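Novice: Below are the sequence and a predicted model; questions follow.
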2 protein chains.
Amino acid sequence: MLPPASETAPARDVRPAVAARPELAQALLDRGLGERRAYGMLVELLEVAPKRLAGSPGYEAAARWAERTMQDIGLANVRMEPVMAPHWERGDPERASARLADGSALELSACALGGSPAGSVTAPAVELNGLAALAELEAAGGSLQGRIVFLNQRMNPAARSSFQAYGGAAGQRTRGPALAAKLGAVGVVIRSLSSADDDVPHTGMTRFEDAGPKIPALALGVQSAERLSAALAAGKVESVTLETHCRELADREQWNVVGEIAGSKWPEEVVVLGAHLDAWETGDGAHDDGAGCTHVLEAARLLLACGVAPLRTVRVVLFANEENGLAGGRGYAEAHAGEAHFVLIESDSGGGTPRGLGLSVDEHVLERLRPAGAPLAAIAAERVSGGGGGADIGPMAERAGAPEGSLSVDDTRYFDLHHSANDVLESVHPRQLELGAVVLAYWAAVLADLGPGELSYN
Amino acid sequence: MLPPASETAPARDVRPAVAARPELAQALLDRGLGERRAYGMLVELLEVAPKRLAGSPGYEAAARWAERTMQDIGLANVRMEPVMAPHWERGDPERASARLADGSALELSACALGGSPAGSVTAPAVELNGLAALAELEAAGGSLQGRIVFLNQRMNPAARSSFQAYGGAAGQRTRGPALAAKLGAVGVVIRSLSSADDDVPHTGMTRFEDAGPKIPALALGVQSAERLSAALAAGKVESVTLETHCRELADREQWNVVGEIAGSKWPEEVVVLGAHLDAWETGDGAHDDGAGCTHVLEAARLLLACGVAPLRTVRVVLFANEENGLAGGRGYAEAHAGEAHFVLIESDSGGGTPRGLGLSVDEHVLERLRPAGAPLAAIAAERVSGGGGGADIGPMAERAGAPEGSLSVDDTRYFDLHHSANDVLESVHPRQLELGAVVLAYWAAVLADLGPGELSYN
């Protein structure tokens, strides 16, 4: 956003920079790194509830664990806030294979996408380079009648960030199957949204329209996608067979789990630290978003342990159902519609080494905040950048007109693991996780103590 | 270093900031990330020479590979520059165990330290908390006659960086065995300098004085160190047995491998991009320092491929024998003593995600350089920080009075792997490696084109 007309410039310039709090940073670092509780919390969560997709018994176990952990930490007003969430189940293992001209079968490593219906189809396959190619076909009046569509767009390796690369290809998963079905396709396989070169498929939500047709939709491991593509290019594929056993059940009551450190001066104004408690069941959700959950829990624990009394209320929210519906984020926004939200920060980019804070505010506000980040240069996490936010906090931020942001971490490995069987404890580094919690705690305290209106532009 | 007296301040202030080169950054990123050649080079190096400690046949294979690769890239003046280097061999596998009071044996995961002699000793053990405790004992006139000394200092988990944590404990490896031997000890085991919680031992150089006694010196895996410590504390250990088969052979001729992009304006002034080609043979040296070697090779390739014609000569130097003697760095400084070195940059912190440039110059110079880093914010690597340098470039930098620096990377996982059997290809992330090469290429071009004296304080 460009600065407005020059008459407002003096007002901006006289507002002082936000002061750094080196003693706070030092206390948080000493205690966080010395005690290393974030990793212990993550171990516990993954033991109690490795599988915690919305609607599952695992989600209930996770929510109970979160409630108990918040109480143990000493948060106030700990509660489970009900929301109605979708309930989709994978069912028996899915299968994908290609029948080749020589009579052999090419077995493909695959997993159903969330939202896929059950079904078993065999049909000739056609490969397209992602959602854009599908949309072009639609625009040209093309048909996919009776075909299985193979959407094989790579995540662009030259994208400047892994989230950019993911965003550029994600449409083939989120919207590709619905559009293919509309054009007559009987099944869809996509190249996994993965930055790894292995053969582990990555799941994730796909959205069919309520009134439109639903067809089996699966993701292939990257190596399987490469093999299928080569076989198709060589004219060797007679047909592809897909088999899924998914079930869409009735919505169930789930819970956002909430706890607080009450503000000492402006308790009615809230700084949200959010993450999502649910996770895809292909892995254990160690990074997505077990790491985020432990970031926010440990951040709150550190603030209490270091005797920080924030001026505003710091509220930890572990959201339900981010992965397949966003019921938690929407439900939170409705339930808390009348409350003053000063800022909302999410951690949902994995447990990698923290870089700092991302905040969706004007560059002039970022400039004022940057000096406050200086003490985090000791761990190379002093960065304050624009952008940032999270799916869960989005609905409330929009409703409240509040800025949103995120813990910014090194995410170069994130989409190697995201939504896959490799997203397990072993992929998380204890020190990296703890450093993230420290950075989040520091910024929570700084943001909670800002003067009125300090995050707005004028 | 503090700024000198104020009369020099005006001279500093009028020197303009170094300009950013966004088109260069974009070209390097597009080509580097799109072609991803750094990882391919690393795969090649580890195939050709997974074991390349100074004096080994592997080192010769590595040097030939480096020479060939520099020629393939198109570097000028490619040559192997001889240096005489130590030649130490591990020999047959080492062993460490403790005999317990109940007659059982506690087998310990161990590896000999570089520089250890051969030997087989059994003796009662005494645990000390690192080099400082050993020095205290010496100061108090204590003796370790006939004992095996167990130096069990942890790397401090609350240290602000992994290099700080390493540096704080490294004395027990580098100087502990010599001091223990001086005090009468017959053998030394140390807790590995490792930030991982596994049982993989980490080797590294220990320095005995030529005239002093030499005794078997081994590193224990962290879990083995914990077990031995617990058994000692419980009074269960009757004796410890150490067995090594190391050999110190005659010095051999090895080679620094050198290639250049000739400067277009000041060819006689050199910007060195350095890394070390040798590696401990416990692992394959993928991070230490295969990653650094590919960083500097790919950086040079990218500069040529993008048509960059630097004003000064950019010289790639892959040094011999960093790990057990520094003969390469010392030899380079002698051989090139008369040449003008403008700045020397090393990559020897592993292949993690780059953060930017570290440079041992005054803060005012860093301030002038920071704007030039701005285009690297696209990959969160715009950081320009003080400090930085490398073992190999140190002797030349000192001799020339030239500033030294380093590619700064996320090193939180580095000491999990360093000098251990886990330092293998699988621990390197292709995108992280390539990003490092891009950042190094960018800064090489910027530094090579600076005006005269721009890295000095006045």
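Specialist: Received it, and whenever you're ready, just let me know what you need. Residues are numbered from 1 along each chain as shown, chains lettered A, B, ... in the order given.
Novice: In the stretch 301-450 of chain A, which residue sits closest to chain B?
Specialist: Chain B sits closest to residue A:378 of the stretch 301-450 of chain A, with a gap of 4.4 Å, by CB to the nearest CB. Where C-beta positions appear, they are placed from N, C-alpha and C, glycine not excepted.
Novice: got a list of what that residue touches?
Specialist: A:25, A:29, B:160-161 (CB atoms under 8 Å, 6 or more residues apart in numbering or on different chains).
Novice: Could you grab the helix/strand/coil label for the residue of chain A positioned farthest from its centre?
Specialist: Within chain A, residue A:102 marks the point farthest from the mean C-alpha position, 43.2 Å out by CA atoms, centre = their mean. Per DSSP: H, G, I helix; E, B strand; the rest coil, the local secondary structure of residue A:102 is coil.
Novice: Quick check: residues of the stretch 1-150 of chain A near chain B?
Specialist: Contact residues, the stretch 1-150 of chain A versus chain B (CB under 8 Å from any CB of the partner chain): A:29-30, A:33-34, A:36.
Novice: hmm, try it at 6 Å
Specialist: Residues of the stretch 1-150 of chain A lying close to chain B by CB under 6 Å from any CB of the partner chain are A:30, A:33-34.
Novice: So which of those residues wins on neighbours?
Specialist: The most crowded member of the residues of the stretch 1-150 of chain A next to chain B, judged by other CB atoms under 10 Å in any protein chain shown, is residue A:33 (21 neighbours).
Novice: buried sites along the strand or helix carrying it?
Specialist: Assigned by DSSP states H and E, residue A:33 belongs to helix A:22-35. Using 16 or more other CB atoms under 10 Å in any protein chain shown as the test for burial, helix A:22-35 gives A:24-25, A:27-29, A:31-33, A:35.
Novice: Mind putting those residues into JSON lines with distance to residue B:451 and pLDDT?
Specialist: Formatted as JSON lines, these follow (distance: CB to CB, whole Å; pLDDT from 0 to 100):
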{"residue": "A:24", "distance to residue B:451": "42", "pLDDT": "98"}
{"residue": "A:25", "distance to residue B:451": "37", "pLDDT": "98"}
{"residue": "A:27", "distance to residue B:451": "44", "pLDDT": "98"}
{"residue": "A:28", "distance to residue B:451": "42", "pLDDT": "98"}
{"residue": "A:29", "distance to residue B:451": "40", "pLDDT": "98"}
{"residue": "A:31", "distance to residue B:451": "47", "pLDDT": "98"}
{"residue": "A:32", "distance to residue B:451": "44", "pLDDT": "98"}
{"residue": "A:33", "distance to residue B:451": "42", "pLDDT": "97"}
{"residue": "A:35", "distance to residue B:451": "50", "pLDDT": "95"}
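Novice: of those residues, closest to chain B?
Specialist: residue A:33 (4.2 Å).
Novice: Report the separation between the closest one and residue B:455.
Specialist: 34 Å (CB to CB, to the nearest Å).
Novice: can you check residue A:435 too?
Specialist: Here residue A:435 is placed at a distance of 32 Å from residue B:455 (CB to CB).
Novice: Now the residue farthest from the centre of chain A: closest residue in space, sequence neighbours ignored.
Specialist: The shortest distance from residue A:102 to any non-neighbouring residue, by CB to CB, 6 or more residues apart in numbering or on different chains, is to residue A:236 (7.5 Å).
Novice: Neighbours of that neighbour, how many?
Specialist: Using other CB under 10 Å: residue A:236 sits among 15 other residues.
Novice: What distance do you get for it to chain B?
Specialist: 29 Å (CB to the nearest CB, to the nearest Å).
Novice: Enumerate the residues of the stretch 251-400 of chain A near chain B.
Specialist: So the stretch 251-400 of chain A meets chain B at A:353, A:355, A:378-380 (CB under 6 Å from any CB).
Novice: In those residues, which residue is surrounded by the most others?
Specialist: Result: residue A:355 is most packed of these (other CB under 10 Å), 28 neighbours.
Novice: in chain A, which ranges drop under the pLDDT threshold?
Specialist: A:1-14, A:457-458 (pLDDT under 70).
Novice: Output stretch A:376-394 as PDB, nothing but the C-alphas.
Specialist: Written as PDB, here are the backbone C-alpha positions of stretch A:376-394 (Å, rounded to 0.1, in the frame of the first residue of the first chain):
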ATOM      1  CA  LEU A 376      16.300 -11.300  18.900                       C
ATOM      2  CA  ALA A 377      19.300 -10.700  16.700                       C
ATOM      3  CA  ALA A 378      21.100 -12.800  19.200                       C
ATOM      4  CA  ILE A 379      19.300 -15.800  17.600                       C
ATOM      5  CA  ALA A 380      19.100 -14.200  14.100                       C
ATOM      6  CA  ALA A 381      15.300 -13.800  14.500                       C
ATOM      7  CA  GLU A 382      15.000 -10.000  14.500                       C
ATOM      8  CA  ARG A 383      13.200  -9.900  11.200                       C
ATOM      9  CA  VAL A 384       9.900  -7.900  11.100                       C
ATOM     10  CA  SER A 385       8.300  -8.300   7.700                       C
ATOM     11  CA  GLY A 386       5.000  -7.500   6.000                       C
ATOM     12  CA  GLY A 387       2.400 -10.000   5.300                       C
ATOM     13  CA  GLY A 388       1.700 -12.900   7.600                       C
ATOM     14  CA  GLY A 389      -1.500 -14.300   9.000                       C
ATOM     15  CA  GLY A 390      -3.200 -17.600   9.200                       C
ATOM     16  CA  ALA A 391      -6.300 -19.500   8.100                       C
ATOM     17  CA  ASP A 392      -7.800 -19.800  11.600                       C
ATOM     18  CA  ILE A 393      -7.400 -16.200  12.700                       C
ATOM     19  CA  GLY A 394      -8.600 -14.800   9.300                       C
END
